[in-house]
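> Kindly return the folded structure for what I paste below:
(2 chains)
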Amino acid sequence: MTTTARRTFLQQLAALGAAGAASPFLSPDAFAEQSWAEQFNNALETHPWLKAYRSIGQTAYEATAEVTGNWPEDLTGTFYRNGPAQHEIAGYRYHHWFDGDGMLQAYHLSSEGVRHQARLIETYKVQAEREAGRALYPGFASIPPEPAGVTSPDSVNVANISVLPHHNKLLALWEAGSPWEMDPETLNTRGIYEFSENTRGVPFSAHPRVEPDGTLWNFGYVSGANLLVLWHIDANGKLVKIGKVDADPISMVHDFVVTSRHIVLMVPPLNYEPSPDRPMTFLDAHVWYSGEATRVLVVDKNDFSNYFWTELPAQWVFHYGNGWEDNNGIIRFDAARADDPFAMIDTFRQVMRGNIVPGSSSHHHQYRIDTSTRSIAEVPMFSPDVDSEFPCVDPRVSCRQNRKLTMLSSSPSTSAIHGSLNEVSTFDFDTGERKLYRYPDHQMPEEHLYVPRPGSVPEQDGWIVGTALNWRDEQMLLNVFDVSHVDDGPVATATLPYALPFGLHGKFAAG
Amino acid sequence: MMKLTENHTMFRVILGLTAGLLAAVWTEVVAADTLHIHVTNVPSSEGQIMLQIVASEAEFKGEAPAIVSVMQRAVEGEMSFSAASLPPGEYAFRVMHDINNNGELDSNFVGMPSEPWAFSNNATGNFGPPGWKDVKFTLESEVTQTIKLNR
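Numbering: from 1, shown residues only, chains lettered A, B, ... in the order given. Next comes the predicted model:
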């Protein structure tokens, strides 16, 4: 399909969707929304792994896990997770995985065992919709019947992407608005968090980068203003500086990397082009231009007004593992790279009504930027049949040179019936060796993190800790692997007596 | 032929003018319309409430002066305004609470309003400010709108 044809096609699709939602006469919405819930429930009977996209049945969960295996006695702290969980409100089922209201989870790990708790995040939106008794607001890719107006990004902030323990605060993160401050013990919602009065409501992405000394860098994108925002916050949570970079046309930017000297962001050619003539969802206001460049922004950490742009072929990246820079000004980073964003545009939309549509898979690439020539190059890291996502590194080498990488992966020849990534992999850049553990088909792994063993040498010792949904037995699992022997399988597992919806990202807080 | 046409045209112009004048006089005398605006959710009695009523898209966009501009010291809770003697037609209005008395709607680092605001019809737009079609309404005899300040 040519760029123009694809653009027209997408716009027509979007217009169709919008026209349906806006019709004041036929009121097809009640039927249509019921139909999404019905279609999903029907599909659930034949594809029980779709439980990953079921709405939560209650707004709070609490249980003590059953622990099997040899729990490492020095693995103590809290493993926090976040993700879309309330996918249905008063019978209205959202039309996209990313629309669901966020639920914060905490797995408290101690020598006495594993205790789990989960709470729906009490955003303005959740409170208003509870009071109204129905879904009110247009979301990422959904417009409920008779929608209420969006008065600010934070009025529709669902706080559903990630979580950040930083400067003794616990923040639940979305990417188009403010962080929400949570109580780290009770998981109760304290309210919108502001780093300063002048930055209240300024977008703060769900993927801040924290250097080993606690210095925090983040970005945000402001679609209506074609702006990228850059944040610099010290280890004590004090806003050091904030900056703006014009990025017309703006796109969705989900993650970025930071080195010792630079900030690197990719702006894919998924351009924000809202039309005033039709009510559109945020996702449908974007148009993909497959023939245009992905623009790469490289910014001086010390001076946000000092930056340059370079270009790559059109591509879509949700997540980066890590970025670092050598003494010659060569930046290296890795990313799970897809050819286009159609997993987000199609797959994660259709799955909400039980339609299983394969999306473009992502393959891990390594990138090299020469800051003296302002050039960039990319190379695939694995064979083309290795899909990857959720890359991460030992937080002690964040923004510094890393020699190890952890990620979820899968290969077509050994894919699971649920079609999601079914392996956790570790990769050693020095030896080129990849080790992996393949989950059984009835378990769907979520993001896995590198948790350092206290007092050990960075990247030499610790655990890979991650959760999985056991859809067959309706349980959640928290698995612990030895970082050096992930292929041996989990050394310990904590099992919860309930299943929860597939989440997105987590962070580990030692202690 | 030419002359006739010119005469005709002239006649039509005069007729039209007369009709327009008559209409204007009639409007002023008989059908001057009134707009009542109740503003709710005023967060405090600090600063001023600024209200602008506009009678065209150009005025709404700030390309022409608004037909009515009013400032009044804020009163926490609810406030009411009325504008009389407005010719019938399409109107819109905007309200802002200038809490710090600096004469403008303050915004945050990326330009989003940080002081309370509202538009006629309680229009909010969708991922951006509302357009003329969202805010306009027809004024005939008497119209009352209750508007909640967004904050």
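
> For the rest of this, base every contact and every neighbour count on C-alpha atoms.
Will do.

> Which residue ranges make up each domain of chain B?
Residue ranges for the domains of chain B, per automatic domain parsing: B:1-30, B:33-148.

> I'd like to know which of those lies nearest to chain A.
Across the domains of chain B, chain A has its closest neighbour in domain B:33-148 (5.1 Å, CA to the nearest CA).

> Do me a favour and average the pLDDT over that closest one.
The average of the pLDDT scores along domain B:33-148 is 93.

> what about that domain, start to end distance?
End-to-end distance of domain B:33-148 (CA to CA, to the nearest Å): 23 Å.

> that older thread, save the domains of chain B as JSON lines, and put in distance to A:Ala37 and mean neighbour count too.
Converted to JSON lines, the domains of chain B look like this (distance: least, CA to CA, whole Å; neighbours: other CA atoms under 10 Å in any protein chain shown):
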{"stretch": "domain B:1-30", "distance to A:Ala37": "55", "mean neighbour count": "12"}
{"stretch": "domain B:33-148", "distance to A:Ala37": "26", "mean neighbour count": "17"}
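
> can you put the ones you listed in JSON lines and add distance to A:Tyr193?
Output for those, formatted as JSON lines (distance: least, CA to CA, whole Å):
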{"stretch": "domain B:1-30", "distance to A:Tyr193": "54"}
{"stretch": "domain B:33-148", "distance to A:Tyr193": "15"}
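
> Any idea which of the ones you listed gets closest to A:Leu239?
Minimum separation from A:Leu239 across those (CA to CA) falls at domain B:33-148, 13.1 Å.

> Could you tell me which residues of the stretch 51-200 of chain A lie near chain B?
Within the stretch 51-200 of chain A, the positions near chain B by CA under 8 Å from any CA of the partner chain are A:149-153, A:198-200.

> Could you identify which of these has the most neighbours?
Ranked by neighbour count (other CA atoms under 10 Å in any protein chain shown), those have A:Thr151 at the top, with 23 neighbours.

> how close does that one sit to B:Thr124?
Going from A:Thr151 to B:Thr124 by CA to CA gives 5 Å.

> is the residue most central in space within chain B in a bridge, and if so with what?
By CA atoms, centre = their mean, chain B has its centre lying nearest to B:Ile53, at 2.3 Å. Under DSSP bridges, the beta-bridge partners of B:Ile53 are B:Val68, B:Phe93.

> dump the residue contacts of it.
Applying CA atoms under 8 Å, 6 or more residues apart in numbering or on different chains to B:Ile53 gives the contacts B:66-69, B:91-94.

> and if we set it to 10 Å?
Residues in contact with B:Ile53, defined by CA atoms under 10 Å, 6 or more residues apart in numbering or on different chains, are B:35, B:59-60, B:65-70, B:83, B:91-95, B:119-120.

> re the thing from before, among the domains of chain B, which is nearest A:Ile263?
For A:Ile263, the closest of these is domain B:33-148, at 19.7 Å, according to CA to CA.

> Which stretches in the chain count as helices?
With no chain named, the answer covers chain A. Assigned by DSSP state H, chain A shows helices spanning A:3-22, A:29-46, A:124-132, A:342, A:348-350.

> Wait, chain B was what I had in mind.
Using DSSP H, the helices of chain B run over B:2-30, B:57-60, B:132-135.

> on contacts alone, who are the packing partners of the second one?
Spelled out, that is helix B:57-60. strand B:48-54, strand B:89-98, helix B:132-135 (3 or more CA pairs under 10 Å, 6 or more residues apart in numbering or on different chains; DSSP states H and E).

> Can I get it in PDB, CA atoms only?
Extracted C-alpha coordinates of helix B:57-60, given in PDB (Å, rounded to 0.1, in the frame of the first residue of the first chain):
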ATOM      1  CA  GLU B  57     -16.300  33.600  15.000                       C
ATOM      2  CA  ALA B  58     -13.900  36.400  14.300                       C
ATOM      3  CA  GLU B  59     -14.600  37.900  17.800                       C
ATOM      4  CA  PHE B  60     -14.300  34.400  19.300                       C
END
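
> Pull the residues that contact that helix.
Residues from elsewhere that reach helix B:57-60 (CA under 10 Å, 6+ apart): B:52-54, B:63-67, B:90-94, B:131-133, B:135-136.

> now with 7 Å?
Here helix B:57-60 makes contact (CA atoms under 7 Å, 6 or more residues apart in numbering or on different chains) with B:54, B:64-66, B:132.

> Does A:Gly102 have any beta-bridge partners, and if so which?
For A:Gly102, the beta-bridge partners are A:Pro84 (DSSP bridges).

> ditto for the one 4 residues further on
With DSSP bridges as the criterion, A:Ala106 is bridged to A:Tyr80, A:Gln117.

> Report how many residues lie close to A:Val258.
A:Val258 sits with 29 neighbouring residues when counted by other CA under 10 Å.

> I meant A:Pro145, not that one.
Neighbourhood size, A:Pro145 [other CA under 10 Å]: 21.

> Let me see the backbone angles for it.
Main-chain torsions, A:Pro145, degrees, to the nearest 10: phi -60, psi 140.

> Now the two most distant members of the residues of the stretch 51-200 of chain A next to chain B.
A:Gly149 and A:Asn198 (24.0 Å).

> quick one, what contacts residue 120?
With no chain named, the answer covers chain A. Taking CA under 7 Å, 6+ apart as the criterion, A:Leu120 is in contact with A:59-60, A:102-104.

> if you could check chain B rather than the one you did, that'd help
B:92-94, B:135, B:147.

> switch the cut-off to 8 Å
By CA under 8 Å, 6+ apart, the neighbours of B:Ser120 are B:92-94, B:135-136, B:145, B:147.

> In this structure A:Glu292 contacts A:Leu270, no?
No - A:Glu292 is beyond contact range of A:Leu270, at 9.4 Å (criterion: CA atoms under 8 Å).

> ok so, going back, least reliable of the helices of chain B by average pLDDT, please.
helix B:2-30 (a mean of 40).

> Tally up the residues packed near the residue in the stretch 301-450 of chain A positioned nearest to chain B, please.
Going by CA to the nearest CA, chain B is nearest to A:Phe304 of the stretch 301-450 of chain A, at 14.6 Å. Residue neighbour count, defined by other CA under 10 Å, stands at 20 for A:Phe304.

> cool, A:His95 as well?
By other CA under 10 Å, 25 other residues sit near A:His95.

> what's the answer for A:Asn168, then?
Neighbours of A:Asn168 (other CA under 10 Å): 10.

> so what's it scoring on pLDDT?
96.

> excluding its backbone neighbours, what's nearest A:Val357?
Nearest residue to A:Val357, sequence neighbours excluded (CA to CA, 6 or more residues apart in numbering or on different chains): A:Thr347, at 5.1 Å.

> To clarify, my last question referred to A:Ile330.
Excluding its sequence neighbours, the residue lying closest to A:Ile330 (CA to CA, 6+ apart) is A:Asp370, at 4.8 Å.

> do A:Tyr450 as well
Closest residue to A:Tyr450 apart from its sequence neighbours, by CA to CA, 6+ apart: A:Ile464 at 4.8 Å.

> hang on, the one you found packs against A:Glu447?
No - taking contacts as CA under 8 Å, A:Ile464 lies outside contact range of A:Glu447: 10.2 Å.

> Any buried residues in stretch A:500-511, and which?
Within stretch A:500-511, the residues that count as buried by 16 or more other CA atoms under 10 Å in any protein chain shown are A:500-509.

> now do the same end-to-end measure for that stretch.
Using CA to CA, one end of stretch A:500-511 lies 25 Å from the other.

> Tell me which residues touch A:Ser388, please.
A:336, A:361-364, A:407-410, A:421.

> quick one: low-confidence parts of chain A?
When residues are selected by pLDDT under 70, those of chain A lie in A:1-34, A:276-279.

> one more time with 90, if that's ok
For chain A, applying pLDDT under 90 flags the ranges A:1-35, A:111, A:148-152, A:197-198, A:224, A:274-280, A:358-360, A:511.

> which residue packs closest to A:Lys238, ignoring adjacent ones?
A:Phe195 (7.0 Å).

> CA atoms of stretch A:482-497 as PDB?
C-alpha atoms of stretch A:482-497 as PDB (Å, rounded to 0.1, in the frame of the first residue of the first chain):
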ATOM      1  CA  ASP A 482      19.300 -16.600  38.800                       C
ATOM      2  CA  VAL A 483      20.600 -13.900  36.400                       C
ATOM      3  CA  SER A 484      23.400 -16.200  35.300                       C
ATOM      4  CA  HIS A 485      21.200 -19.300  34.800                       C
ATOM      5  CA  VAL A 486      17.800 -18.100  33.500                       C
ATOM      6  CA  ASP A 487      17.700 -21.300  31.300                       C
ATOM      7  CA  ASP A 488      17.500 -23.400  34.500                       C
ATOM      8  CA  GLY A 489      14.000 -22.000  35.100                       C
ATOM      9  CA  PRO A 490      12.800 -20.300  38.200                       C
ATOM     10  CA  VAL A 491      14.600 -20.900  41.500                       C
ATOM     11  CA  ALA A 492      11.500 -19.800  43.400                       C
ATOM     12  CA  THR A 493       7.800 -19.000  42.500                       C
ATOM     13  CA  ALA A 494       5.200 -17.200  44.500                       C
ATOM     14  CA  THR A 495       1.700 -18.100  43.400                       C
ATOM     15  CA  LEU A 496      -1.400 -16.000  44.000                       C
ATOM     16  CA  PRO A 497      -4.900 -17.500  44.200                       C
END
